[in-house]
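1. Just to be clear, the model below is a prediction. Sequence and coordinates:
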Amino acid sequence: MVTALSNKSSEDYKNQIKIDILDVNFTQKTVADFVNHKLINFFNILMIPTEFLKSDPEEWENMPDYQLGPSVVKSMKVVNDFAERGLALIQNYNSILTKNENEKQFLL
């Protein structure tokens with residue numbers, strides 16, 4: 001996995017990895033197959049040290065660098081920006097059309 005972090009992959013994953021369930025080769029993949037050099041950006045942006053990646057994964061639980069990662073990620077607030085913007089747009093549009101509650105219900 002450490003070598004996968006430093007190597008530029010020939011497969012450039014965009015926003016997500018798409019997996020075909022019928023692909024038999026998928027069952028033989030390891031975590032390293034889904035890691036590339038761009039993963040380091042994730043750690044850098046969140047200011048999570050990456051030294052633990054050089055150790056055996058069985059030792060990670062006891063390492064302070066690793067323990068910081070889950071605590072940082074769990075403290076993040078996830079926001080669905082598209083949904084919130086859409087809702088705000090609809091609410092603004094409805095308030096412009098009419099102030100009467102009965103008319104609003106009719107429009108919806």
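-> Great, that's in hand. Numbering: from 1, shown residues only.

2. Check which helices and strands the longest helix seen in the chain is in contact with.
-> Longest helix in the chain, counting residues (DSSP state H): helix 81-97. Judged by 3 or more Cβ pairs under 8 Å, 6 or more residues apart in numbering; DSSP states H and E, the packing partners of helix 81-97 are helix 101-107. From N, CA and C alone the C-beta is placed, and that goes for glycine too.

3. What residues of the helix it packs on count as buried?
-> Of all the residues in helix 101-107, not one is buried under the rule 16 or more other Cβ atoms under 10 Å.

4. So which elements touch that helix?
-> Partner elements for helix 101-107 (3+ Cβ pairs under 8 Å, 6+ apart): helix 81-97.

5. can you rerun that using 6 Å?
-> Packed against helix 101-107, as judged by 3 or more Cβ pairs under 6 Å, 6 or more residues apart in numbering; DSSP states H and E, are no other helices or strands.

6. Only the C-alpha atoms, please, for it, written as CSV.
-> Only the C-alpha atoms of helix 101-107 are listed here, as CSV (Å, rounded to 0.1, in the frame of the first residue of the first chain):
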residue,chain,number,x,y,z
GLU,A,101,-50.4,30.0,2.8
ASN,A,102,-53.4,28.6,0.8
GLU,A,103,-51.9,29.8,-2.5
LYS,A,104,-48.5,28.3,-1.5
GLN,A,105,-50.1,24.9,-0.9
PHE,A,106,-51.9,25.1,-4.2
LEU,A,107,-48.6,25.8,-6.0
